[in-house]
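Q: predicted structure and sequence below. I'll ask about it afterward.
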Amino acid sequence: MSQDNPDIRQQVDDNRGPQKKLEMLIPGLRGYRTLEDLRVSDSLLRNQVADKLDASKANLEGLRKQMATAGDFTNLTAVGSLISQIQGMSGVVRHAQQGYSGFVATISINQDKLNKLYENDYAFVSSAVQLQSLTTAPALVYDTTAPNSIQIGLSKVTAAISDFNQKWSVRMESVENILVQ
């Protein structure tokens with residue numbers, strides 16, 4: 001990960017308190033603690049992505065308000081549909097199920113596979129960042145004198161949503177493949 005894109009796993013490791021550090025010294029608890037910290041990292045990552053999606057939704061809601069104020073009701077349906085799709089994606093990402101790493105887990109997750117999944121999430125995160133940038137000015141600006149000019153920007157947002165959904169599907173397939181052993 002780059003300086004602009006820090007590795008959350010390292011931040012979670014660095015923030016271990018005395019009790020968690022003690023757990024790392026005990027052989028039976030070390031694996032449990034490591035997997036729990038990876039789950040925390042995954043949860044933090046997914047929440048950050050969901051926050052990007054929420055920001056994209058807010059940008060589109062602002063656009064919708066501009067259209068309604070201008071009396072342009074022809075593009076409202078398209079924008080409303082995009083807002084709905086992004087809201088749904090945000091909820092799915094934020095509340096996606098995590099694995100369990102308890103002592104007697106019915107589903108066990110291999111640490112190497114979980115690390116690989118986390119490292120491959122760059123495409124997934126980048127897709128959310130791209131979506132947010134496409135919903136922010138100057139990429140998406142409403143011109144009241146040419147209301148139909150917004151359709152080009154909305155088409156790009158639609159494509160970005162499709163790309164995000166594809167990346168999320170790949171991620172979920174990967175999760176499903178590593179959960180069942």
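A: Cool, the structure landed.

Q: pLDDT value on residue 14, please?
A: pLDDT for residue 14: 61.

Q: cool, residue 99 as well?
A: On the pLDDT scale, residue 99 is placed at 52.

Q: where does residue 143 land in three-state SS?
A: Secondary structure state of residue 143, per DSSP: H, G, I helix; E, B strand; the rest coil, is coil.

Q: what sits closest to it if chain neighbours are left out?
A: In space, residue 143 comes closest to residue 149 once its chain neighbours are excluded; the distance is 5.3 Å by C-beta to C-beta, 6 or more residues apart in numbering. All C-beta atoms are positioned from the backbone trio N, CA, C, and that covers glycine.

Q: try residue 73
A: Spatial nearest neighbour of residue 73, chain neighbours left out: residue 67 (7.5 Å); criterion: C-beta to C-beta, 6+ apart.

Q: now the strand or helix carrying the one you found: average pLDDT?
A: Under the criterion of DSSP states H and E, residue 67 resides in helix 27-70. Averaging pLDDT along helix 27-70 gives 83.

Q: could you point out which element follows that helix?
A: Sequence order places helix 76-94 as the next helix or strand after helix 27-70, per DSSP H and E.

Q: tell me what that next one is packed against?
A: Helix 76-94 makes packing contacts with helix 27-70, helix 150-179 when contacts are defined by 3 or more C-beta pairs under 8 Å, 6 or more residues apart in numbering; DSSP states H and E.

Q: most tightly surrounded among those?
A: Comparing those by mean neighbour count (mean count of other C-beta atoms under 10 Å), helix 27-70 comes out on top with a mean of 18.

Q: in terms of secondary structure, what does it contact?
A: Counting by 3+ C-beta pairs under 8 Å, 6+ apart, helix 27-70 packs on helix 8-14, helix 18-25, helix 76-94, helix 111-119, helix 122-134, helix 150-179.

Q: quick one: buried residues of the fifth one?
A: By neighbour count on 16 or more other C-beta atoms under 10 Å, the buried set for helix 122-134 is 124, 125, 127, 128, 130, 131, 132, 134.

Q: and which of these is nearest residue 96?
A: residue 124 (11.3 Å; C-beta to C-beta).

Q: so that closest one sits against residue 167, correct?
A: Yes - Residue 124 lies in contact with residue 167 (C-beta atoms under 8 Å); the separation is 4.5 Å.

Q: residue 93 is nearest to which of the helices and strands packed on helix 76-94?
A: helix 27-70 (4.7 Å).

Q: need the pLDDT of residue 17.
A: So, for residue 17, pLDDT stands at 59.

Q: oh, I was asking about residue 95
A: 86.

Q: that one: neighbour count?
A: 11 (other C-beta atoms under 10 Å).

Q: ok, it - contacts?
A: By C-beta atoms under 8 Å, 6 or more residues apart in numbering, residue 95 lies in contact with nothing.
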